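J.: coordinates only, no sequence provided:
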């Protein structure tokens, strides 16, 4: 059965008028995404049904968003409804002809005065229109009532959670520090770098990488306009001495596992710095993965006292 894409042109004026109401609605944590790119959807639920607790959250996955994978929630039962796409999608040599069309979390007890998030990931189709708004209709069900966030209009009293699509050749909104970005089967979070003193030649950068795929990947290289050279390093004990070395063959990312780049362990070394890293600003670092491809992320700069207190020496 063919379903029309649930896409409507964004009405920016209406969005501004109703921005103050956003906290009362079901909304997406990241309001902007990129056509043809992966997207980590986090739907925020801020209240129940006229005072009642929410026990079920049901999200419809419209045509145009494929390979959707929900995140399980402790204390909730997760179910998906699958179906055929109106046309196949091809990504990294894999053809997707069917996939998840509905996600249901049930059996929970989200009280009216509590807040929670329901997450899933997937990819937007390359045929979608840049500048359009894409909706994920969401329904909360309680004991005797429900709240349906299903209207595809920013001026509705019950708008569906939505995201504005950017052109595939334009960068989406920069990832806020400590939030996530997606590239293929990889989820990248907590990207930060240490601030440096004036004339310091090196700095350390860190992040967490989760490989949700069925095959391993590898961080093979990194680069940044602020550094003459960038390498992937590890700190390891050699007898009684902690030594740093370059991972010339790259950092392995096993399937289904999370790898943390952190002070005292794996990290990205920025060398021959062209200017100091200033706390509160951000530095762009481009990461090249063996399978997932390339992504540029803004690494928020923080002081060493806010980090792990690890002094990076080279």
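T.: Nice, thanks for sending it over. Just so we're clear, the structure is a prediction, and the values are computed from it rather than from any experiment.
J.: C-alpha from now on. contacts and neighbour counts both.
T.: Noted.
J.: mean confidence for stretch 278-293?
T.: Stretch 278-293 shows a mean pLDDT of 90.
J.: that one: which residues count as buried?
T.: 278, 282-283, 285-292 (16 or more other C-alpha atoms under 10 Å).
J.: between the residues you listed, which sits nearest residue 61?
T.: Of all the buried residues of stretch 278-293, residue 292 has the smallest distance to residue 61: 23.6 Å, by C-alpha to C-alpha.
J.: mind listing what the closest one touches?
T.: 183-186, 217 (C-alpha atoms under 8 Å, 6 or more residues apart in numbering).
J.: likewise residue 290?
T.: So residue 290 contacts 217-220 (C-alpha under 8 Å, 6+ apart).
J.: so which of the buried residues of stretch 278-293 comes closest to residue 47?
T.: residue 282 (34.6 Å).
J.: that closest one reaches residue 301, doesn't it?
T.: Yes: counting by C-alpha atoms under 8 Å, residue 282 does reach residue 301; the two are 5.3 Å apart.
J.: so, low pLDDT: which residues of the stretch 101-250 of the chain?
T.: Judged against pLDDT under 70, the low-scoring parts of the stretch 101-250 of the chain cover residues 154-155, 168-179, 237, 242.
J.: beta partners of residue 94?
T.: Note on residue 94: beta-bridge partners by DSSP bridges are residue 91.
J.: what's the distance between it and residue 67?
T.: As defined by C-alpha to C-alpha, to the nearest Å, residue 94 lies at a distance of 11 Å from residue 67.
J.: mind putting the contacts of residue 290 into JSON lines with secondary structure, distance to residue 27 and neighbour count?
T.: Compiled in JSON lines, the contacts of residue 290 are given as follows (DSSP: H, G, I helix; E, B strand; the rest coil; distance: C-alpha to C-alpha, whole Å; neighbours: other C-alpha atoms under 10 Å):
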{"residue": "217", "secondary structure": "strand", "distance to residue 27": "32", "neighbour count": "21"}
{"residue": "218", "secondary structure": "strand", "distance to residue 27": "34", "neighbour count": "18"}
{"residue": "219", "secondary structure": "strand", "distance to residue 27": "33", "neighbour count": "21"}
{"residue": "220", "secondary structure": "strand", "distance to residue 27": "36", "neighbour count": "18"}
